[in-house]
Each structure stands twice: as structure tokens, then as C-alpha cells.
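> Next come a sequence and a model predicted from it.
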Amino acid sequence: MGVLVGKPAPDFTAAAVLGNGEIVDSYTLSSAIKGKKAVIFFYPLDFTFVCPSELLAFDHRMSEFQKRNVEVIGVSIDSQFSHNAWRNTPVNDGGIGPVKYTLVADVKHEICRAYDVESEGGVAFRGSFLIDEEGVVRHQVVNDLPLGRNVDEMLRMVDALAFHQEHGEVCPAGWKEGDAGMDASPAGVAKYLSQHGDKL
């Protein structure tokens, strides 16, 4: 598949550990995110190196995602029991503690293949996907294994999508909450660049 932007997010049902610590056998994406935005992020493995920094970065910003009514879902090829053990390991001992979002067990690698983020080694690349209220992928970025992602950038993209949905305007380079948008027309581009072009 490669690029999923503009396409329905592949649905799945799998075992997972929920943000409250409950282990479930059947977590279905479409049911969990119905009517709201969602961020799905893939990471290689539990109990590794770059991964805990990313999972903690998401957890530290959960109040911001929740404020925006965004469901956050992490996915790796580990089992739900490994996810649970990692959540039960203190941060100072290399764990992630009780993160407040769902961790999905992709033990058959079906989900990472559906999102086309499986590496040759079998683990998932660091793929991140923003899904809108209709279940359509609106943003994706995939990092190689050594490169940790920027969670603040995902929040910026959530805000940009919400701004576009509310105002109909498009978001120029580096747009952030509170900035001016741009009318998607030659006149709109000219107006925006005349006022803001020197700041790009």
C-alpha cells in the first residue's frame, strides 16, 4: 500500500492492554475510534531503547490529546502480556509505567503489514498515522528504527486538521494553533505571502 493518506485506515481486531490496565482479547479499531480522531503509532519492540522515550512522550501529552478528543493507540508485534509487563515496570528500570493509552498486540504482524510499516527484520518501523472522524488517514510519517519521532508534531497536525475542518482554509508551512490560515486560491496565496512570507 505505501501511502495510506486519503484512504480508509485498515481496521483490525486484536488483543490489547487498555489505558486503564485491563487486558482484552478483542480490541477493534473501528469501534474504539468511532466518531473521533485517532493517532495510531507503531514501534519496534517492548523493552528496547528508543521506544520507551516515544511511549513516554505520548503519555506525557495525553491530556493534550484527550482535550482534542483524540484516541491514541500504540502497536508493536509483542504480546499483550509483554505490553502488560512493560507497563508494570517502573520508568527508572527501563519500563514505561501505566501509560494512559491502548497498546495493541500485533503478534501475527497483520496490522503492521496492513499499514505497510513492517521492516525486513519483522518489527515495525516507527510509523504514525492520524485518522479523522470518518476513519480516513489524513497524515502519516514513517521513521527508520534509530530515529525517534516528534510527538509535538503530531499534536500540531491534529490542530491543523481541526482548523481546516472548522474554517475550510488550508494550513501553510509551520502553521500552529493561533496562526493565520490561507484561502486555497491564487488570491489567498498572494494575500498570505504578502503578510507572512518573510516569516516562513
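Now that the structure is in, tell me what you want to look at.

> Please list all residues in contact with the residue lying closest to Ser76 once chain neighbours are set aside.
Nearest in space to Ser76, with sequence neighbours left out and distances taken as C-beta to C-beta, 6 or more residues apart in numbering, is Tyr43 at 5.2 Å. (C-beta placed from N, C-alpha, C; glycine too.) Tyr43 is in contact with 51, 54-55, 74-76, 124, 126, counting by C-beta atoms under 8 Å, 6 or more residues apart in numbering.

> ok, now with 10 Å
50-52, 54-55, 58, 74-78, 103, 117, 123-128, 143, 145, 148-149 (C-beta atoms under 10 Å, 6 or more residues apart in numbering).

> Now, those residues that are in helices?
50-52, 54-55, 58 (DSSP state H).

> could you pull out the helices for this structure?
29-33, 50-60, 62-67, 80-87, 110-114, 151-167, 186-196.

> Turn these into JSON lines, including mean pLDDT and mean neighbour count.
Formatted as JSON lines, the helices of the chain follow (pLDDT from 0 to 100; neighbours: other C-beta atoms under 10 Å):
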{"stretch": "helix 29-33", "mean pLDDT": "98", "mean neighbour count": "17"}
{"stretch": "helix 50-60", "mean pLDDT": "96", "mean neighbour count": "18"}
{"stretch": "helix 62-67", "mean pLDDT": "98", "mean neighbour count": "14"}
{"stretch": "helix 80-87", "mean pLDDT": "98", "mean neighbour count": "19"}
{"stretch": "helix 110-114", "mean pLDDT": "98", "mean neighbour count": "18"}
{"stretch": "helix 151-167", "mean pLDDT": "97", "mean neighbour count": "17"}
{"stretch": "helix 186-196", "mean pLDDT": "94", "mean neighbour count": "13"}
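
> looking at those, which is closest to Ala15?
When the helices of the chain are compared by C-beta to C-beta, helix 80-87 sits nearest Ala15, at 4.3 Å.
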